[in-house]
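Q: sequence first, predicted coordinates after that:
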Amino acid sequence: MNAIDINNQFLYEYRKNRERTKKRLQELIDLGCEEVGVAEFGIKDVFSGLYIERVWRFSEADWNDYIDFINKLKKNK
């Protein structure tokens, strides 16, 4: 697995809300997520399949729900 490179402009370059995307990527890093594929994030043996499109497109409420989901998965591991 690879650490998430928050300065990788491929992950946010063409989106309107770059600062929100960078904030969300930092939140993933803080949760222990890594890049497990091309613009796909996860935690080994916990979950994968969080693609950059979700980071860009989730509303704030959907994003918070997903972060809660990740925390529950981590807690149950």
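A: Looks like it arrived, so ask away. Residues are numbered from 1 along each chain as shown.
Q: residues in contact with stretch 35-49?
A: 1-5, 10-11, 28, 31-34, 50-52, 55, 70, 73-74, 77 (CB atoms under 8 Å, 6 or more residues apart in numbering). Heads up, the C-betas are built off the backbone N, CA and C, glycines and all.
Q: at 6 Å what do you get?
A: Outside of stretch 35-49, the residues within contact range by CB atoms under 6 Å, 6 or more residues apart in numbering are 1-2, 4, 28, 32-33, 50-52, 73-74, 77.
Q: and if you look at stretch 10-27?
A: Contacts with stretch 10-27, where a contact means CB under 6 Å, 6+ apart, come from 4, 6, 52, 55-56.
Q: of those residues, which belong to helices?
A: Here DSSP state H is the test, and those give 52, 55-56 as lying in helices.
Q: can you redo these as CSV with neighbour count, distance to Arg20 and pLDDT?
A: Listed next are those as CSV, based on neighbours: other CB atoms under 10 Å; distance: CB to CB, whole Å; pLDDT from 0 to 100:
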residue, neighbour count, distance to Arg20, pLDDT
Ile52, 20, 13, 93
Val55, 23, 9, 94
Trp56, 16, 9, 92
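Q: name the nearest of those relative to Asp65.
A: Val55 (13.7 Å; CB to CB).
Q: how many residues are close by the nearest residue to the closest one once chain neighbours are set aside?
A: Once flanking residues are discounted, Val55 sits nearest to Arg24: 5.0 Å by CB to CB, 6 or more residues apart in numbering. Arg24 has 22 neighbours, counted by other CB atoms under 10 Å.
Q: quick one: Arg24 from Asn76, how far?
A: Separation of Arg24 from Asn76 (CB to CB, to the nearest Å) stands at 23 Å.
Q: equivalent analysis for Asn2, please.
A: Using CB to CB, Asn2 is found at 25 Å from Asn76.
Q: over to Ile29?
A: Separation of Ile29 from Asn76 (CB to CB) stands at 21 Å.
Q: which of those two has more neighbours?
A: Neighbour totals were compared for Ile29 and Asn76, and Ile29 leads with 15 against 7 (other CB under 10 Å).
Q: contacts only, for that one.
A: By CB under 6 Å, 6+ apart, the residues touching Ile29 are Ile4.
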